[in-house]
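**Student:** Need a 3D model of the sequence below.
(chains A and B)
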Amino acid sequence: MTTNETLIKVEGLEKSFGKVEVLKGIDIDIKKGEVVCIIGPSGSGKSTFLRTLNLLEEPTNGKIFFEGTDITDPKTNVNLHRQKMGMVFQQFNLFPHMTVLKNMTIAPMKLLKLSKADAEKRALELLERVGLRDRALSYPSQLSGGQKQRVAIVRALCMQPDVMLFDEPTSALDPEMVGEVLEVMKSLANDGMTMAVVTHEMGFAREVADRVLFIDQGIIMEQGKPDELFSNPKSPRLKDFLSKVI
Amino acid sequence: MKEWFSNWWQGFADEFKLNFIDGDRWLWLVNGLKNTLIITFFAVLLGIAIGVIIAIIRSTYDKNKDTMRKKGGFGYAIISVLNGVCKLYLTVIRGTPVVVQLLIMYFIIFASSTNSTMIAIIAFGINSGAYVAEIFRGGIMSVDKGQFEAGRSLGFNYIQTMIYIVIPQMFKIVLPTLCNEFIVLLKETSVAGYVGIADLTKAGDLIRGRTFSAFMPLIAVALIYLVIVMLFTWLVGKLERRLRNSDH
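**Tutor:** Sure, this is the predicted structure:
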């Protein structure tokens, strides 16, 4: 599905929290339609990297271009660009005071000025696709973890984003619920969605990713096609990491 | 025993008639209650409005001062000044008695106005706003950070995220504390008599001055306050249960 059109371009990205340097210079292009999985030990900076892509973390240095626009430029209205970048969190972060349907329709209605009917139609179609149409009027607290995460994914999709960012989407789930969320992500990838996924699910990365990044100590230590990277790791750090997780 | 009771009953009935029936003095209480409720109601609205604004300014400053200071510029200057003004307001209002604030409003700031009810609403509203602001700020800070991030990631700006996502959740968190603040406010308006407003307390006291009988009017006033507070507590309890529907 990967095309030649660059969707996200990251140049010399650095991020420090106080004196702690978390990202020490990351350069990467993500093509339209590409599925990039980001793996690495905890504390390596992989989540921070993902969160800088939509500026939830402001980079200390470096530039991020999204669809050709430098979003790190203070003059850029980052809110408009975030509408095109869906994000899914480890802790779901559904809005607990709204029904599933309202969770999904509030942003399209307020930001894209969709009518209530159009927004609900779009939301119900997406819910249908992930098998949760009958839960439209439930509150998040009435759903299982896997259901919550599927709702979180389709909530982001309601904005019809050009890229989806996943921050350890299955790490907070009970093991028997991981599969249902990965299925949804897989079908999304098959539909040609551009995805950046921070994950510990090596099976998923191997099967779905077009490219895997191994981030360690704040830099991209190694990257490549999943087959090469997993079966023939070059750096000792990656060898060590894979021996622990697989 | 029977005779004692009938004497007591007769005395009670006479007292009751003297204090409430004669000269339609019960109407004083009704009118006083009306003034108390009007002042409380509008002071609550004013207090919430002031409280929300100050809480947003203060929590915005607390959460973003580090990143904003680094960037510097106009935004940081504005928010710093606003935060300073809010802190000054909180210090002054919480550091002085409400009666003194009411007297200053009446005799100094609005000396030329004769609308004492309006002045009382403003004085009590400004007073309550300081306490409500701190309640709201605590509520905003305790809404999970992920909620804010989820809102921003969908493309909402800071203010929209506050309005649609954070503030509604904050109200649920602070409801019991807020209810308590309003009960306090309702009772605090009993000092409105200082500036010549015939509120409920003043009405009871006027009756006492007229009939030279303290027991009936003052106990009646106390009971009316008590019933209103109980009614209000019951209503808030119902509201809380309804809001809790979303987290079974």
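
**Student:** now B:Leu90: how far from B:Arg69?
**Tutor:** 22 Å (Cβ to Cβ, to the nearest Å). Any C-beta I mention is one placed from the backbone N, CA and C, and that applies to glycine too.

**Student:** I misspoke; the intended subject was B:Arg94.
**Tutor:** B:Arg94 is 27 Å from B:Arg69, where distance means Cβ to Cβ.

**Student:** Where does pLDDT dip in chain B?
**Tutor:** Scanning chain B for pLDDT under 70 picks out B:71-72, B:245-248.

**Student:** other SSEs contacting the longest helix along chain B?
**Tutor:** For chain B, the longest helix by residue count, based on DSSP state H, is helix B:26-71. If you count contacts as 3 or more Cβ pairs under 8 Å, 6 or more residues apart in numbering or on different chains; DSSP states H and E, helix B:26-71 packs onto helix B:73-95, helix B:116-142, helix B:167-188, helix B:200-211, helix B:215-243.

**Student:** can you list those in CSV and add mean neighbour count?
**Tutor:** Converted to CSV, those look like this (neighbours: other Cβ atoms under 10 Å in any protein chain shown):
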stretch, mean neighbour count
helix B:73-95, 13
helix B:116-142, 21
helix B:167-188, 18
helix B:200-211, 20
helix B:215-243, 14
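
**Student:** mind checking which of those helices is nearest B:Ile50?
**Tutor:** Ranking the helices and strands packed on helix B:26-71 by proximity to B:Ile50 (Cβ to Cβ) places helix B:116-142 first, at 3.0 Å.

**Student:** Run the chain-centre distance for the closest one.
**Tutor:** When distances are taken as Cα atoms, centre = their mean, to the nearest Å, helix B:116-142 is centred 7 Å away from the chain's centroid.

**Student:** returning to that earlier point: and the longest helix of chain B, how far out from the chain middle?
**Tutor:** Taking Cα atoms, centre = their mean, the mean C-alpha location of helix B:26-71 is offset from the chain mean by 8 Å.

**Student:** Kindly report the same for stretch A:51-61.
**Tutor:** Using Cα atoms, centre = their mean, the mean C-alpha position of stretch A:51-61 is found 14 Å from that of the whole chain.

**Student:** Next: stretch B:175-190.
**Tutor:** For stretch B:175-190, the distance to the chain centre is 5 Å (Cα atoms, centre = their mean).

**Student:** Run through who's touching that stretch.
**Tutor:** B:36, B:39-40, B:43-44, B:47, B:98, B:120, B:124, B:127-128, B:131-132, B:135, B:171, B:199-201, B:225, B:228-229, B:232-233, B:236, B:239-240, B:243 (Cβ atoms under 8 Å, 6 or more residues apart in numbering or on different chains).

**Student:** If we use 6 Å, what do you get?
**Tutor:** Residues outside stretch B:175-190 that contact it (Cβ atoms under 6 Å, 6 or more residues apart in numbering or on different chains): B:36, B:39-40, B:44, B:98, B:124, B:128, B:131, B:135, B:201, B:229, B:236, B:240.

**Student:** What of stretch A:9-27?
**Tutor:** By Cβ under 6 Å, 6+ apart, stretch A:9-27 touches A:28-29, A:45, A:48-49, A:52, A:59-65, A:218-220.

**Student:** Among the residues you listed, name the buried ones.
**Tutor:** In terms of neighbour count (16 or more other Cβ atoms under 10 Å in any protein chain shown), the buried residues within these are A:Ile28, A:Gly45, A:Thr48, A:Phe49, A:Thr52, A:Pro59, A:Gly62, A:Ile64, A:Phe65, A:Gly218, A:Ile220.

**Student:** Closest to chain B out of those residues?
**Tutor:** Closest approach to chain B among the buried ones among the contacts of stretch A:9-27 (Cβ to the nearest Cβ): A:Pro59, at 11.7 Å.

**Student:** Show me the buried ones among the contacts of stretch A:9-27 that map onto helices.
**Tutor:** A:Thr48, A:Phe49, A:Thr52.

**Student:** The closest residue to A:Ser115 other than its chain neighbours and chain B, how far apart?
**Tutor:** The shortest distance from A:Ser115 to any non-neighbouring residue, by Cβ to Cβ, 6 or more residues apart in numbering or on different chains, is to A:Met109 (7.7 Å). Separation of A:Met109 from chain B (Cβ to the nearest Cβ, to the nearest Å) stands at 10 Å.

**Student:** just A:Gly40 next, same as before
**Tutor:** 21 Å.

**Student:** and that residue, how many neighbours?
**Tutor:** A:Gly40 has 24 neighbours, counted by other Cβ atoms under 10 Å in any protein chain shown.

**Student:** ok, it - contacts?
**Tutor:** Applying Cβ under 6 Å, 6+ apart, the residues near A:Gly40 are A:Lys46, A:Phe214, A:Ile215, A:Asp216.

**Student:** Of these, which is the nearest to chain B?
**Tutor:** Closest to chain B, out of all of those and judged by Cβ to the nearest Cβ, is A:Lys46, at 16.9 Å.
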